[in-house]
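*Asks:* Next one to model:
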Amino acid sequence: MKLRLGVVNLGTSWQTRYAPALRTLNEWFEVRAIYEPVGHRAEQAAREFHARTEDGFRVLTQGEDIDAIAILAPAWHGWLPILAACDAGKAVYCAVDLNLDPEKVRYVKQRVEETGIAFTVELPCRLAPATLRLKELIATQLGQPRLLFCHRRYVPDSTRSGGRSPAWRMRDLVEAIDWCRYLVDREATSVVGVSHRRGEGVCDDDYQMLSLEFGVGQAGQYGAVAQISCGRYIPAEWHEAASFRPPADLQVACEKGIAFIDLPSKLVWFDSAGRHMESLDSERPVDEQLLRQFHRSVTSLVRDTSSLEDGYRAFSIAIDAERSREQGRRIALTF
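*Replies:* Residues are numbered from 1 along each chain as shown. A predicted model of the protein is given here:
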């Protein structure tokens, strides 16, 4: 079954990620309509896919020839396209973070559950070739994860005139939390968050970290701890320093070895036999796999809510980490 797709907000990743994936999956998807606030970008994309442009996301979601909505970038309207899709009974592929207060996120989740639409949260780290290979190694060679270290280093925006900007981009944080949950394959039991400010009177954090504890699992599994951090401590004008020795996207210390991942397809792991390097560039691109997964969730006779639940849990943990930083204490997690 070919899904007739409406696209809301093209964003900066349209040409490099989504357009190539949709061209490859032309037997699975047909782009029928595009809404993009920048008119000439919408027209260019519409010509490429022989689609029409729409003046608003509400008009697009109500189209009778639209089966599903792909929200690919944030814009002024925030979460409203999701509610419009719920009202129209259209499936949603959500590639943007819901950087809202917890009450609004809970409301959006409730609306999705009430309407019963298929809803996929884009969590690309799970489907990266290096991640899938590491899951195999955990099951066969390396054993259960015990320590996970995920660090991202940002360069501050030197053009920013003032005000507080969170060191973590919410979408990146949610993806990192979900990534660690996926690899450990257990629910986290507690979280503690800390941050560092550049100086007295400065309202901007240059480092944030959260420690996620998973506790002891069943059948003698080790307890696990994930340390997820980001830093913006290198000035924007220090270009050489910013690119010097970037840390691995993820380090995982397991019972019988250790692995290093550079997304999407580089994996180096060590065990008693020594060093092993794997390059998985021949695997299908992550964006194609994400869209194929979305297609399956829409066309399946059994409703799959796992993506919505995983995204919501990762978001909830991120909010609890912020609460931990503010209160200076560890927060127990309950789901």
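*Asks:* Tell me where the stretch 201-335 of the chain has helices.
*Replies:* Here the stretch 201-335 of the chain has its helices, by DSSP state H, counting those that start in this stretch, at 239-242, 286-299, 306-327.
*Asks:* the inter-axis angle of the last one versus helix 286-299?
*Replies:* Comparing the axes of helix 306-327 and helix 286-299 via axes from the mean of the first three to the mean of the last three C-alpha atoms, to 10 degrees yields an angle of 120 degrees.
*Asks:* Which one of the helices of the stretch 201-335 of the chain lies nearest to residue 264?
*Replies:* Nearest to residue 264, of all the helices of the stretch 201-335 of the chain, is helix 286-299, at 5.4 Å by C-beta to C-beta. No exception for glycine: its C-beta is placed from N, CA and C like everyone else's.
*Asks:* list the contacts for residue 280?
*Replies:* Taking C-beta atoms under 8 Å, 6 or more residues apart in numbering as the criterion, residue 280 is in contact with 129-130, 133, 265-267.
*Asks:* before we move on, the earlier item: rebuild the helices of the stretch 201-335 of the chain as CSV, extending it with mean neighbour count.
*Replies:* Listed next are the helices of the stretch 201-335 of the chain as CSV, based on neighbours: other C-beta atoms under 10 Å:
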stretch, mean neighbour count
helix 239-242, 11
helix 286-299, 20
helix 306-327, 19
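*Asks:* Let's have those helices in a markdown table, adding mean pLDDT and distance to residue 150.
*Replies:* Output for the helices of the stretch 201-335 of the chain, formatted as a markdown table (pLDDT from 0 to 100; distance: least, C-beta to C-beta, whole Å):
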| stretch | mean pLDDT | distance to residue 150 |
| --- | --- | --- |
| helix 239-242 | 82 | 19 |
| helix 286-299 | 94 | 17 |
| helix 306-327 | 93 | 13 |
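*Asks:* looking at these, which is closest to residue 121?
*Replies:* helix 306-327 (3.3 Å).
*Asks:* ok so, going back, mind checking the helices of the stretch 201-335 of the chain for the one nearest to residue 17?
*Replies:* Closest to residue 17 of the helices of the stretch 201-335 of the chain, according to C-beta to C-beta: helix 286-299, at 4.9 Å.
*Asks:* Which strands and helices lie in contact with the closest one?
*Replies:* Here helix 286-299 touches strand 3-8, helix 19-24, strand 91-94, strand 119-121, helix 124-127, going by 3 or more C-beta pairs under 8 Å, 6 or more residues apart in numbering; DSSP states H and E.
*Asks:* Neighbouring strands - and their directions - for the third one?
*Replies:* In other words, strand 91-94. Strands that pair with strand 91-94, judged by DSSP bridges, come out as strand 68-71 (parallel), strand 119-121 (parallel).
*Asks:* a markdown table for those strands, including mean neighbour count, distance to residue 258 and mean pLDDT?
*Replies:* Formatted as a markdown table, the strands paired with strand 91-94 follow (neighbours: other C-beta atoms under 10 Å; distance: least, C-beta to C-beta, whole Å; pLDDT from 0 to 100):
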| stretch | mean neighbour count | distance to residue 258 | mean pLDDT |
| --- | --- | --- | --- |
| strand 68-71 | 24 | 38 | 97 |
| strand 119-121 | 25 | 30 | 95 |
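*Asks:* I'd like the ones you listed laid out as JSON lines, including distance to residue 290.
*Replies:* What follows is these, written out as JSON lines (distance: least, C-beta to C-beta, whole Å):
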{"stretch": "strand 68-71", "distance to residue 290": "10"}
{"stretch": "strand 119-121", "distance to residue 290": "8"}
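*Asks:* neighbouring contacts of stretch 26-34?
*Replies:* Contacts with stretch 26-34, where a contact means C-beta under 8 Å, 6+ apart, come from 2-7, 10, 22, 42, 45-46, 49, 51-54, 60, 63, 65-66, 291-292, 295.
*Asks:* ok now do the residue nearest to residue 112 when sequence neighbours are not counted, which residues does it touch?
*Replies:* Closest residue in space to residue 112, ignoring its immediate chain neighbours: residue 119 at 4.8 Å, by C-beta to C-beta, 6 or more residues apart in numbering. The contact partners of residue 119, by C-beta under 8 Å, 6+ apart, come to 91-92, 94, 112, 305, 307-308.
*Asks:* could you redo the last one with a cut-off of 10 Å?
*Replies:* Residues near residue 119 by C-beta atoms under 10 Å, 6 or more residues apart in numbering: 82, 85-86, 91-94, 108-109, 111-113, 294, 297-298, 303-305, 307-308, 311.
*Asks:* Great, nothing more from me.
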